[in-house]
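1. What would the 3D arrangement of this be:
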Amino acid sequence: MGLLAQLHRDAEAPTGHDCPAWRTWDEVYDGRHGVLQVGLERTACFGECPVYTAVIHATGLVEYQGDWHVDRLGEHRGRVSLYDFRCLAQFIQDTDFREMETSYDFSDCVVSDCASAYVMVTTEGRRKVVSNYGNAGPPALWAIAELIDSVLRDVTWEGSADAEPGAGSDGGT
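-> Residues are numbered from 1 along each chain as shown. Here you go, the predicted model:
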């Protein structure tokens, strides 16, 4: 048993009935999050920043365009698990993405060599895109982009030698 598992085992832990913040089985698998698409575009910097665009649909379809400093160049299509999309969509809903500003940049200086991450969320009748230059936005926006990259690592790409999800991919790269 590892150190953290041992520390957890030694601590008092509530049961599910004592902790109303715990989700039920039905809540974990609830597909009523309302998110239809989630997208991430990463832009160039003066270094070797990966440049790509990916859109993940609620159906599990992934549309990807790799442009620069990525393992997968060009246009590709693939699929992700519906469970992963649902978890991502629920996290986005829980972070109040809709309330975020549409653009984040540094307020106290001019920096010209950072990459931007554009995060898009589409719901019924509404699409919102938020720009995060150099990770100047809130940590929740950074976390959403990182979660999208995490989901992209498990794409099963169409027409490739990648028979197993995630084989040969490095994030969206």
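
2. Can you show me the helices along the protein?
-> Counting by DSSP state H, the chain has helices at residues 3-10, 25-28, 82-94, 139-152.

3. average pLDDT across the third one?
-> The one in question is helix 82-94. Mean pLDDT, helix 82-94: 95.

4. mind listing what's buried in that helix?
-> Residues 84-93 are the ones in helix 82-94 that count as buried (16 or more other C-beta atoms under 10 Å). Using the backbone N, CA and C atoms, a C-beta is placed for each residue, glycine as well.

5. Provide the contact partners of it at residue level.
-> For helix 82-94, contacts defined as C-beta atoms under 8 Å, 6 or more residues apart in numbering pick out 29-31, 33-35, 38, 56-60, 121, 143-144, 147-148, 151, 154.

6. so what does the helix or strand of the chain with the lowest mean pLDDT touch, helix or strand wise?
-> Every helix and strand in the chain was compared by mean pLDDT, DSSP states H and E; the lowest is helix 25-28, with a mean of 78. Applying 3 or more C-beta pairs under 8 Å, 6 or more residues apart in numbering; DSSP states H and E, we find helix 25-28 packed against no helix or strand.

7. CA atoms only for it - export them in PDB, please.
-> Extracted in PDB, the C-alpha atoms of helix 25-28 (Å, rounded to 0.1, in the frame of the first residue of the first chain):
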ATOM      1  CA  TRP A  25     -24.500   6.400  -9.500                       C
ATOM      2  CA  ASP A  26     -27.200   8.100 -11.500                       C
ATOM      3  CA  GLU A  27     -25.600  11.500 -11.100                       C
ATOM      4  CA  VAL A  28     -22.300  10.200 -12.300                       C
END
